[in-house]
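Peer 1: coordinates only, sequence not included:
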């Protein structure tokens, strides 16, 4: 049988037709392998989204929001490439909504075109859970503080700070007093920690103060929060009314 040099040069040394066929098959195999590698490399290169844009999309999917004060580089990337960012989010039925005044980008669930009834909480990738009554009350209270702060400092100001001890009596108005300062404080700290996971407040600082984040302006419908507070006021007032108590005893 001819060696590889004989096959290339066509010199005798064996079954030339058989050897030539084997050589052609070998060269075809190498050619196909090289072509496939080239195609794979081309596809990989074309399919990759810009790294910073990927990081911005991942941050939004992870936390639901981007704050300019916390992630300035990703925020700038998102603002400058908002259309591309929404293209990345579109297959998940999400879109990025911008509040430039407050330096905030947050996810919203896109309403399906073929759905008359729409519940964003039914989205399979929504990280947030429905707020409990206690959490909703605290959100309503914190939002009032935030509105007052923005009225005084201007929309977009980012240092809406309130002391934990100042919030405790506000919540007691609606939920009552447990009779233990330690329990009241522990309840408040637990609620604040839960709201921190929603991007609404910061962790308490060394002076036991928390910063109210601008996301609180978008999390819940303000009319719904006001109705909740009015309803709770009515319940508290009714429970303190002696006439209502006498009617209840009767």
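Peer 2: Done, it's in. It should be emphasised that the depicted structure is a prediction, and the values quoted were computed from it without experimental measurement.

Peer 1: need the strands for this protein, in chain order.
Peer 2: Ranges of strands in the chain, per DSSP state E, are 65-67, 94-99, 104-109, 161-163, 209-211.

Peer 1: so which of these is the most packed in?
Peer 2: Comparing the strands of the chain by mean neighbour count (mean count of other C-beta atoms under 10 Å), strand 65-67 ranks first with a mean of 23. (C-beta placed from N, C-alpha, C; glycine too.)

Peer 1: domain ranges for this structure?
Peer 2: Using automatic domain parsing, the domain ranges for the chain come out as 15-47, 51-112, 133-238.

Peer 1: deepest-packed of those, please.
Peer 2: Ranked by mean neighbour count, the domains of the chain are led by domain 51-112 with a mean of 17 (mean count of other C-beta under 10 Å).

Peer 1: still on that earlier bit, adding mean pLDDT, write the domains of the chain out as CSV.
Peer 2: Shown next, in CSV, are these (pLDDT from 0 to 100):
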stretch, mean pLDDT
domain 15-47, 56
domain 51-112, 90
domain 133-238, 85
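
Peer 1: show me the helices in this protein, by range?
Peer 2: 4-9, 16-47, 51-63, 72-80, 82-89, 133-153, 164-175, 181-196, 216-219, 222-240, 242-249 (DSSP state H).

Peer 1: what's the third one packed up against?
Peer 2: Helices and strands in packing contact with helix 51-63 are listed as strand 65-67, helix 72-80, helix 82-89, strand 94-99, strand 104-109; criterion 3 or more C-beta pairs under 8 Å, 6 or more residues apart in numbering; DSSP states H and E.

Peer 1: may I have the strands that pair with the first one, each with its orientation?
Peer 2: Looking at strand 65-67 with DSSP bridges, its paired strands and their directions are strand 104-109 (antiparallel).

Peer 1: so what touches the strand it pairs with?
Peer 2: Residues outside strand 104-109 that contact it (C-beta atoms under 8 Å, 6 or more residues apart in numbering) are 60-61, 64-68, 75, 78-79, 89, 93-99, 120, 123, 126, 214-215, 218.

Peer 1: go again with 6 Å.
Peer 2: With contacts defined as C-beta atoms under 6 Å, 6 or more residues apart in numbering, strand 104-109 is touched by 60, 64-67, 78, 94-98, 120, 123, 214.

Peer 1: in a markdown table, list these along with distance to residue 48.
Peer 2: Output for those, formatted as a markdown table (distance: C-beta to C-beta, whole Å):
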| residue | distance to residue 48 |
| --- | --- |
| 60 | 18 |
| 64 | 25 |
| 65 | 25 |
| 66 | 21 |
| 67 | 27 |
| 78 | 18 |
| 94 | 20 |
| 95 | 22 |
| 96 | 20 |
| 97 | 26 |
| 98 | 25 |
| 120 | 30 |
| 123 | 27 |
| 214 | 33 |
